[in-house]
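Asks: dropping the sequence and predicted coords here.
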Amino acid sequence: MLKALEALQKPAFPDLLNYTNSSLVAGIENEEQGREAAEMLAGYKVLKKETVETYDEMLSPLNKRRSVILDWKRTDVGNIEAVIANLTGRLLAYQTAQEEAREQAAATALAQAQDEANAKRQVEVDELRENADVVSGSHPTEALAMQQEAAALEKAPAPIVKTFDDVEPTTASPLTTVTTYSAEVRDIMLLALAVLEDKVSPLALQPNQTWLNQQARSMKDAFKIDGVELIKTQSLRRKSGVA
């Protein structure tokens, strides 16, 4: 296709009307020049039509090929994107399950460590009370101190001395999880109010220029929309039925 494009030659459209060298460039000052300008304008419009048709004819086979290629592209890329979306969903679900499993394992280990610490503390409390009973007859003051220490130890939170590590995934992956953020308008009136109150940039509300132009063409001079100005651009065209 590139070689075919290289072989193309630009069409020539000689300017037989020669406006740039005519007296009309300086302006229209009389009726004769007005008629001449009207004829020249009509001629240039015909020339424009012929130019557009020539290029459209040249583009037609390219556009057909482009359409076919774009269809191929949409199909193939769509199929690949479907696989990517499926694999992404499955992998994210797996990673979420793995994370939940690690959290559950950590919670179980923490509960086990707490139970072990409580059991160890209870052993220490029981030993203090047994020792206090043994010496209560001969050393009552010491026995009282042991009883108080046992009571305080029993009330205090048991220190967890066991440590554990959160196990990270061992599977090497070439991918990393990326969170992409986007926004979807759910209430255009609330958004417009936020812009009106200067809480949000006016960039959040982009005018629908296509719809506005349609309304202007339909309503013409009756067009009236707050905040929008009617723009009228004039041009000339040959009257219907006039040679």
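Replies: On my side now, so go ahead.

Asks: tell me the SS of D221?
Replies: helix (DSSP: H, G, I helix; E, B strand; the rest coil).

Asks: that one and N18, how far apart?
Replies: 39 Å (CB to CB, to the nearest Å). Heads up, the C-betas are built off the backbone N, CA and C, glycines and all.

Asks: just give me the residue right at the centre of the protein.
Replies: S182 (4.0 Å; CA atoms, centre = their mean).

Asks: per-residue pLDDT of that residue, please?
Replies: Per-residue confidence (pLDDT) for S182: 84.

Asks: a strand runs through it, doesn't it?
Replies: No: the assignment for S182, made by three-state DSSP, is coil rather than a strand.

Asks: what's the following helix or strand after whichever strand or helix holds A111?
Replies: Per DSSP states H and E: A111 is located in helix 31-135. Next helix or strand after helix 31-135 toward the C-terminus (DSSP H and E): helix 140-155.

Asks: could I get stretch 77-88 in PDB with only the CA atoms?
Replies: Output of stretch 77-88 as PDB, limited to C-alpha atoms (Å, rounded to 0.1, in the frame of the first residue of the first chain):
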ATOM      1  CA  VAL A  77      -8.100  -6.400  19.800                       C
ATOM      2  CA  GLY A  78     -11.600  -7.100  21.200                       C
ATOM      3  CA  ASN A  79     -10.900 -10.800  21.500                       C
ATOM      4  CA  ILE A  80      -7.500 -10.100  23.200                       C
ATOM      5  CA  GLU A  81      -9.100  -7.500  25.600                       C
ATOM      6  CA  ALA A  82     -11.800 -10.100  26.500                       C
ATOM      7  CA  VAL A  83      -9.000 -12.500  27.500                       C
ATOM      8  CA  ILE A  84      -7.200  -9.800  29.400                       C
ATOM      9  CA  ALA A  85     -10.400  -8.800  31.300                       C
ATOM     10  CA  ASN A  86     -11.100 -12.500  32.200                       C
ATOM     11  CA  LEU A  87      -7.500 -13.200  33.400                       C
ATOM     12  CA  THR A  88      -7.400  -9.900  35.300                       C
END
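
Asks: quick one: average pLDDT of that stretch?
Replies: Stretch 77-88 carries an average pLDDT of 92.

Asks: how about stretch 20-35?
Replies: Stretch 20-35 comes out with an average pLDDT of 87.

Asks: hmm, back to that, mind giving me the packing neighbours of the helix holding A111?
Replies: helix 140-155 (3 or more CB pairs under 8 Å, 6 or more residues apart in numbering; DSSP states H and E).

Asks: now the angle from the helix it packs on to helix 31-135?
Replies: Between the axes of helix 140-155 and helix 31-135, defined by axes from the mean of the first three to the mean of the last three CA atoms, to 10 degrees, the angle is 150 degrees.
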